[in-house]
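Peer 1: Sharing a sequence plus its predicted fold:
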Amino acid sequence: MADDCIFCRIADAELPAHKLFEDDLVFAFLDLHPIREGHALIIPKHHHAWFEDLPEPTAARIMAVGQRLARAMKLEWGVERVSFFYTGIHVPHAHAHVVPMHHRHDVTSPRYLEAGIDEFSLPESPGAETLAQTAVRVRARLTEATL
């Protein structure tokens, strides 16, 4: 546990949370500032700053709990899609968001909204050559990254 980490304190029950699920690896609870009603967070119970630092069993458990939450959200809100994504913007403790999507822009970057809320503006493609070069660079780094 990191003493100053709010998510570690939630996992250790030092701070209150609206718990949805808990086991020995993960804790799921409602986001205090939801994008939509039902917006949930899933955190590992042990501190890992970033999602790429998670042990594989913990990462797999987060995904499995996310899938269960998504099925429950579809039943509760009658939505077709539920979004699942990791961020680390505000709290450096790996965490996944699970959000029932009532509108196609519920988890959209402002970049996609340039044509207005009822439209979906795709950012300009960098082009096939640039994408191919980026793929080469990432594949090269994969050989250096530990899996």
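Peer 2: Sure thing, it's come through. Numbering: from 1, shown residues only.
Peer 1: use CA for all of it now, contacts and neighbours both
Peer 2: Will do.
Peer 1: Check the average confidence over the helix or strand harbouring residue 96, would you?
Peer 2: In this assignment (DSSP states H and E), residue 96 forms part of strand 95-101. The pLDDT scores in strand 95-101 average 91.
Peer 1: Give me the sheet partners of that strand and which way each runs.
Peer 2: Here strand 95-101 has these sheet partners by DSSP bridges: strand 40-44 (antiparallel), strand 81-87 (antiparallel).
Peer 1: report the angle between the axes of the longest helix anywhere in the chain and strand 40-44?
Peer 2: The residue-count maximum for a helix in the chain (DSSP state H) belongs to helix 56-77. Inter-element angle recorded for helix 56-77 and strand 40-44: 160 degrees (by axes from the mean of the first three to the mean of the last three Cα atoms, to 10 degrees).
Peer 1: Flag every buried residue along helix 56-77.
Peer 2: By neighbour count with 16 or more other Cα atoms under 10 Å, helix 56-77 contains the buried residues 58-59, 61-63, 65-67, 69-70, 73.
Peer 1: now swap in stretch 12-20 and tell me
Peer 2: residue 17.
Peer 1: Name the residues that touch it?
Peer 2: 6, 9-10, 27-30, 45 (Cα atoms under 8 Å, 6 or more residues apart in numbering).
Peer 1: And stretch 39-52, by the same measure?
Peer 2: So stretch 39-52 is contacted by 1-2, 7-8, 11-12, 24-31, 34, 54, 58-59, 62, 65-66, 86, 88, 92-100 (Cα under 8 Å, 6+ apart).
Peer 1: For it, what is the distance to the chain centroid?
Peer 2: Distance, stretch centre to chain centre, for stretch 39-52: 9 Å (Cα atoms, centre = their mean, to the nearest Å).
Peer 1: Alpha carbons of it, as CSV, please.
Peer 2: Only the C-alpha atoms of stretch 39-52 are listed here, as CSV (Å, rounded to 0.1, in the frame of the first residue of the first chain):
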residue,chain,number,x,y,z
HIS,A,39,-19.8,4.4,-14.0
ALA,A,40,-17.6,2.0,-12.0
LEU,A,41,-13.9,1.7,-11.3
ILE,A,42,-12.0,-1.6,-10.8
ILE,A,43,-8.7,-1.3,-8.9
PRO,A,44,-6.1,-3.9,-7.9
LYS,A,45,-6.0,-4.3,-4.1
HIS,A,46,-2.2,-4.0,-4.2
HIS,A,47,-0.6,-0.8,-5.4
HIS,A,48,0.6,-0.8,-9.0
ALA,A,49,0.9,2.7,-10.5
TRP,A,50,0.2,1.8,-14.1
PHE,A,51,-1.8,-0.9,-15.9
GLU,A,52,1.3,-2.2,-17.6
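Peer 1: No further questions, thank you.
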